[in-house]
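>>> sequence and predicted structure below; questions after.
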Amino acid sequence: MAGLCRAPGCGKPATRYGHYCTTHKSRWRRHGDVAQQGVTKEALRPYVALVRARIAKNAGNPTWVACDDRWLAIVDHARGILGEAQRGVPGNRSERLAASAVLKLAPLVEPRAVVETVLAMYLMQDQERRRFRSDAAFQVQLVRRLMRLSEISADEWVDPSTGRVRRTYRDFPPAAVAIIGRWLADALGLAGLHIAKLERADVEKAQQDRADFHKALADLV
């Protein structure tokens with residue numbers, strides 16, 4: 001017999017082979033945690049702007065081209081996975097789903113847009129630590145935000161009550177999302193953490209400069 005949903009404050013019956021009710025199970029699959037809120041394009045926009053400013057400030061630094069190349073290496077890796085599948089080589093189904101998603105995205109989005117999005121997500125994680133309920137939830141939001149750079153996972157339907165066209169996004173299986181998240185972390189996570197450290201240092205310096213200025217004013221006679 002199934003127990004009760006483990007989501008705080010729910011109390012509905014859990015699904016037969018799970019820990020959550022149908023609603024919270026769907027939310028867990030979609031967001032990585034039943035209490036996790038999705039990261040919207042608008043919420044991420046200021047962090048993308050910070051990343052772009054950092055790139056412009058260091059335009060000649062080879063880091064950015066290296067990051068582009070690291071994303072392209074993920075694409076090549078995904079191409080190899082699907083190539084083996086086409087040759088009949090046994091493989092992991094989730095890995096192949098992840099590879100397929102990457103290869104659908106790659107022709108539609110410039111590598112630099114991918115890099116900016118991934119680095120911006122790491123910057124958001126650093127500056128808004130309470131936004132993400134867990135590392136797994138961050139990983140899911142990272143992949144969701146990346147995949148929504150294109151319309152590959154979007155479906156449109158007409159709302160019969162309003163006649164308006166609505167858009168919904170298909171969710172990838174959690175195991176495939178985890179694989180893509182791991183690829184991104186391995187390729188671009190270090191750069192994301194470093195940029196977050198630089199931005200944090202800039203904020204701290206600005207705060208110190210203001211404090212020093214106020215102290216100087218107080219010392220005026």
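Here it is on my side, so go on. Numbers count the residues shown, from 1 in each chain.

>>> now for this structure, the helix or strand with the poorest mean pLDDT.
Every helix and strand in the chain was compared by mean pLDDT, DSSP states H and E; the lowest is strand 154-158, with a mean of 49.

>>> which residues touch Val75?
Val102, Leu103, Ala106 (Cβ atoms under 8 Å, 6 or more residues apart in numbering). Any C-beta I mention is one placed from the backbone N, CA and C, and that applies to glycine too.

>>> now those residues in CSV, with pLDDT?
Output for these, formatted as CSV (pLDDT from 0 to 100):
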residue, pLDDT
Val102, 96
Leu103, 96
Ala106, 96
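
>>> quick one, which of those are buried?
Buried by 16 or more other Cβ atoms under 10 Å: Val102, Ala106, out of the contacts of Val75.

>>> tell me the one of the contacts of Val75 nearest Ala59?
Ala106 (24.7 Å; Cβ to Cβ).

>>> how far away is that closest one from Val114?
8 Å (Cβ to Cβ, to the nearest Å).

>>> tell me where this structure has helices.
22-31, 41-57, 63-86, 93-105, 111-127, 135-147, 174-218 (DSSP state H).

>>> can you list those helices in CSV and add distance to Cys5?
What follows is these, written out as CSV (distance: least, Cβ to Cβ, whole Å):
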stretch, distance to Cys5
helix 22-31, 6
helix 41-57, 28
helix 63-86, 36
helix 93-105, 26
helix 111-127, 28
helix 135-147, 18
helix 174-218, 18
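
>>> and the ones you listed, which one is worst for confidence?
Here the helices of the chain differ in mean pLDDT, and the lowest is helix 22-31 at a mean of 83.

>>> and that helix, what other elements does it pack with?
Helix 22-31 is packed against helix 135-147, with contacts defined by 3 or more Cβ pairs under 8 Å, 6 or more residues apart in numbering; DSSP states H and E.

>>> so Asp33 makes contact with Phe138?
No - look at Asp33 against Phe138 with Cβ atoms under 8 Å: they stay out of range, at 9.5 Å.

>>> find the residue at the geometric middle of the chain.
Leu142 (0.8 Å; Cα atoms, centre = their mean).
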